[in-house]
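K.L.:
coordinates for the following, if possible.
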Amino acid sequence: MFSDKKTGRMASDTTSQQNTIAKGTVITGDIISDGDFRIEGSIQGNIKTPGKVVIGKTGTINGTLKSANADIEGKFMGKLLLSDTLTLKSTAHVEGEVEVGKLSVEPGATFNATCLMKGALKELNNGTTGQQAALEKGKPEKGQTA
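P.N.:
Numbers count the residues shown, from 1 in each chain. All right, here's what the predicted structure looks like:
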């Protein structure tokens, strides 16, 4: 009558659902979730999720945000730690410390933050470093003598 497949599907559906903080809602405190977030209200505290966080035009966060991805249209103040991509829309206003894998900024966005981009460094000249390329061409690299 009841199968395990149905309960397994329901459990996985809950992690793919999006949490929404509606406009006019103010939350003070820390939030930890396995799901994605859309924030149109105000959060004074920390958010931790392995998913994506979208801060809408009316949304504000003052605290620390740890997630994989974030799209910001509203305001963020604090520490932003993303394992993948930060996308700033033209209406975004970000202040604080930012650590991301990739950064996308639309014209008009305000970005007043110290930024650290982590991840693998791309090698220059098809797999050779700048020093190796200079040595191969027989030219000294900046700061070296021939």
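
K.L.:
so what's Gly96 closest to, chain neighbours aside?
P.N.:
Distances taken as CB to CB, 6 or more residues apart in numbering place Gly78 nearest to Gly96, at 4.8 Å, with adjacent residues excluded. For the C-beta atoms, the positions are set from N, CA and C on the backbone; glycine is no exception.

K.L.:
likewise for Asn69?
P.N.:
Of all residues not flanking Asn69 in the chain, Lys52 sits nearest, at 4.3 Å (CB to CB, 6+ apart).

K.L.:
and if you look at Leu103?
P.N.:
Nearest one to Leu103, counting by CB to CB, 6+ apart, is Leu86 at 5.3 Å.

K.L.:
neighbouring contacts of whichever helix or strand Cys115 is part of?
P.N.:
Element membership for Cys115 (DSSP states H and E) is strand 110-117. By CB atoms under 8 Å, 6 or more residues apart in numbering, the residues outside strand 110-117 that reach it are 80, 88, 92-103, 105.

K.L.:
separate out the buried members of those residues.
P.N.:
Buried residues within these, counting neighbours by 16 or more other CB atoms under 10 Å: Leu80, Leu88, Ala92, His93, Val94, Gly96, Val98, Glu99, Val100, Val105.

K.L.:
and the first one, that's in a strand?
P.N.:
Yes: checked against DSSP: H, G, I helix; E, B strand; the rest coil, Leu80 lies within a strand.

K.L.:
tell me the SS of the residue lying closest to it once chain neighbours are set aside?
P.N.:
Computed as CB to CB, 6+ apart, the closest residue to Leu80 that is not its neighbour in sequence is Val98, at 4.6 Å. With three-state DSSP as the basis, Val98 sits in strand.

K.L.:
on the pLDDT front, check Asp71 for me.
P.N.:
For Asp71, the pLDDT comes out at 96.

K.L.:
for it, give me its contacts.
P.N.:
So Asp71 contacts Lys52, Val53, Val54, Ile55, Thr87, Lys89 (CB under 8 Å, 6+ apart).
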